[in-house]
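Asker: no sequence for this one, just the structure:
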């Protein structure tokens, strides 16, 4: 177990933390609960940032930087996707 510390929180907040559930299951410790809440928050921030990206602007910037894939660079991946689509 990693080093621990004490944080000051309101009693009502501590009680609320004790009742937080993830995937329908209560977490065992306040540490697990806080860690899960932080991870969920970071996940939401990531997807909000992804939603804010304009695909056309992203492609234009990537092409300008030379990072946009050229024809055939994803040939193996495309074959795998087509194979999965035909078996689905």
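Answerer: Nice, thanks for sending it over. Model, not experiment: these values are computed from the prediction.

Asker: return the helix or strand in the protein with minimum mean pLDDT.
Answerer: The weakest-scoring helix or strand in the chain, judged by mean pLDDT, DSSP states H and E, is helix 75-87 (a mean of 81).

Asker: quick check: residue 71 vs residue 15, distance?
Answerer: 59 Å (C-beta to C-beta, to the nearest Å). In short, each C-beta sits where N, CA and C put it, glycine included.

Asker: more neighbours: which of those two?
Answerer: Shown here are residue 71 and residue 15; by other C-beta atoms under 10 Å, residue 15 has more neighbours (10 against 6).

Asker: separation between the more buried one and residue 37?
Answerer: 15 Å.

Asker: all strands of this structure, in order?
Answerer: In the chain, the strands defined using DSSP state E lie at 21-22, 25-26.

Asker: so can I have CSV of the ones you listed showing distance to residue 58 and mean neighbour count?
Answerer: Below are these laid out as CSV (distance: least, C-beta to C-beta, whole Å; neighbours: other C-beta atoms under 10 Å):
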stretch, distance to residue 58, mean neighbour count
strand 21-22, 32, 12
strand 25-26, 37, 9
